[in-house]
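A.B. asks: structure of the sequence below:
(chains A, B, C and D)
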Protein chains: 2
Amino acid sequence: MAQGTLDGQHGEGRREQLLRSALEVIVSRGYADTRIADVAEHAGTSPALVIYYFKTRDQLLTEALRYSEDAWYAAGTQRLAAIPTAVGRLTGLIAMTCPPDTDPAARSEWLLWLDLWALSPRNPGVAAVRRKFDERWRQAIVTTVLAGQETGEFDTAVDAGSFAVTLSALLDGLAVQIALEDTDVPPSRAYELAMDFAAGQLGFSLDDERAG
Amino acid sequence: MAQGTLDGQHGEGRREQLLRSALEVIVSRGYADTRIADVAEHAGTSPALVIYYFKTRDQLLTEALRYSEDAWYAAGTQRLAAIPTAVGRLTGLIAMTCPPDTDPAARSEWLLWLDLWALSPRNPGVAAVRRKFDERWRQAIVTTVLAGQETGEFDTAVDAGSFAVTLSALLDGLAVQIALEDTDVPPSRAYELAMDFAAGQLGFSLDDERAG
DNA sequence: CCGGTTTGACTGAACATTCAGTCTAGATTC
DNA sequence: GAATCTAGACTGAATGTTCAGTCAAACCGG
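C.D. replies: Okay, the predicted model is just below:
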């Protein structure tokens, strides 16, 4: 009986399916409590197949984290690239962390980050993912700030590097609150606070962004 | 052979000794990889004794986290209480997160936080520790800001609540960098950035604090 | 000798990983 | 175009280890 799409996964397709399954299990159970059997069951297959594609459990989970971060970053920056103003792009960057609307996928992403941070100190592979990602993220902020200073949208007295470190730290901290669903800091509040900070530092008005 | 302090642990003393052992193991191995046997060995006793004092592994580890956070907070606020000016106390609050000197214990504390965050979404006990702690911490900031506004040290236009949420998020984010030893954000830089933010928002000069 | 404390020896379950193959589709040969 | 071969995809049933938690006995201070 030809079930086509469901059974007919091969090679690379299967790999990605397993990575996505792993991610969903990690989000719901947490990295530490994610068993190979869970991932296999979620993907409708056997534990042995999972090991067939990824030699070890650790390799599977680490690769899943990398896969998720890459996908998130790629999707985000692609969306941003289409925005003409620096103010708009910076706003987009902030919205990626603090979705003004209630985006269910965003919390998942941040739950993964919490595991990623906790793993980093003792897992070199995970640490590398984190470092690279942080670097790219800060660089994205720096680039946007410099562009905005060029066009006169932003105050030129601000040091882009320091601003990037500060803003990314602030966003990380707010993301923790969002991930843990702190009632005092819903995503909308986090968004406002981050925007207030950015607008205050860079000297643009919040209306600029609404108008643009 | 009377080794007094080392052997003669009973009841409550033994409990605390085990909690401290648990903390050291968690810091070095991570929460997920901390075994009862590790804690027992570190404390120079048997796994069975650990279970005798704490019914389950989870109870041991959860209680250890609570113990650590309480101790850290208590020690910190006690030190701060002695400082006369609001600027000084706020500086102290920031220094608790970003030790200007290289305090080895501080990184341990933050490594524990990373585990605590990662655990929170699925472990109600840990989530409660975190929530209570975050609340106390923000409250400490609010109290300090209001006091400083009272004495005229701080700009009265700032909303203490929003400032507290923002500053604590920023400190959390910087703490992640410190815990993970990001080379771009050493503790001294984190300290400077946080102080710049606070001084800018509240309108006090960084010299006030050096003078005080 | 009583009660809290401590231990070594065990048990049972959970799991990652291995193994020895089966099945299928496509290539190769005649 | 049938027969044979090959390789990759996939599986069920072991295997062996690691651990949390149990238990019954020993220890010891008062």
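
A.B. asks: where does chain A have low pLDDT?
C.D. replies: Counting by pLDDT under 70, the ranges of chain A that qualify are A:1-11, A:101, A:207-212.

A.B. asks: now do the buried residues in the strand or helix carrying residue A:71.
C.D. replies: Element membership for residue A:71, per DSSP states H and E: helix A:57-81. Using 16 or more other CB atoms under 10 Å in any protein chain shown as the test for burial, helix A:57-81 gives A:57, A:60-69, A:72-73, A:76-77, A:80. All C-beta atoms are positioned from the backbone trio N, CA, C, and that covers glycine.

A.B. asks: what two of these are the furthest from one another?
C.D. replies: A:57 and A:80 (35.1 Å; CB to CB).

A.B. asks: ok so, going back, which one of the buried residues of helix A:57-81 sits closest to residue B:39?
C.D. replies: residue A:57 (24.2 Å).

A.B. asks: now the closest one, nearest residue through space, not along the chain?
C.D. replies: With CB to CB, 6 or more residues apart in numbering or on different chains as the criterion, residue A:57 has its nearest non-adjacent residue at 5.3 Å, and that residue is residue A:36.

A.B. asks: how many other residues sit next to the one you found?
C.D. replies: 20 (other CB atoms under 10 Å in any protein chain shown).

A.B. asks: that one: what's it in contact with?
C.D. replies: Taking CB atoms under 8 Å, 6 or more residues apart in numbering or on different chains, we find residue A:36 in contact with A:47, A:50, A:51, A:57, A:60.

A.B. asks: if I look at it, how far off is DNA strand D?
C.D. replies: 10 Å (CB to the nearest atom of the strand, to the nearest Å).

A.B. asks: check residue A:64 too.
C.D. replies: Taking CB to the nearest atom of the strand, one finds residue A:64 at 17 Å from DNA strand D.

A.B. asks: just residue A:179 next, same as before
C.D. replies: 26 Å.

A.B. asks: ok, how many other residues are close to that residue?
C.D. replies: 21.

A.B. asks: what strand or helix carries the residue lying closest to it once chain neighbours are set aside?
C.D. replies: Nearest residue to residue A:179 in three dimensions, chain neighbours excluded: residue A:110, at 3.6 Å (CB to CB, 6+ apart). Assigned by DSSP H and E, residue A:110 falls within helix A:104-119.

A.B. asks: residues near residue A:188, how many?
C.D. replies: Quick note: residue A:188 (other CB under 10 Å) scores 13 neighbours.

A.B. asks: show me where chain A has strands.
C.D. replies: Under the criterion DSSP state E, chain A carries no strands.

A.B. asks: looking at it, which helix is longest?
C.D. replies: helix A:124-151 (DSSP state H).

A.B. asks: ok, that one near chain B or not?
C.D. replies: Yes: counting by CB under 8 Å from any CB of the partner chain, chain B is contacted by helix A:124-151 at A:127, A:130, A:131, A:134, A:138.

A.B. asks: distance check, residue A:111 against residue B:38.
C.D. replies: As judged by CB to CB, to the nearest Å, residue A:111 and residue B:38 stand 27 Å apart.

A.B. asks: ok, these two, which is more surrounded?
C.D. replies: Neighbours around residue A:111 and residue B:38, counted as other CB under 10 Å, are more numerous at residue A:111. The numbers are 23 against 19.

A.B. asks: contacting residues for the more buried one?
C.D. replies: So residue A:111 contacts A:27, A:179, B:121 (CB under 8 Å, 6+ apart).

A.B. asks: can you check residue A:171 too?
C.D. replies: A:94, A:97, A:98, A:194, B:173 are the contacts of residue A:171 under CB under 8 Å, 6+ apart.

A.B. asks: one more time with 6 Å
C.D. replies: residue A:97 (CB atoms under 6 Å, 6 or more residues apart in numbering or on different chains).

A.B. asks: that one and residue B:163: what is the separation?
C.D. replies: 17 Å.

A.B. asks: what does residue A:156 give?
C.D. replies: Taken as CB to CB, the span from residue A:156 to residue B:163 is 26 Å.

A.B. asks: so which of the two has more stuff around it?
C.D. replies: residue B:163 (21 against 13).
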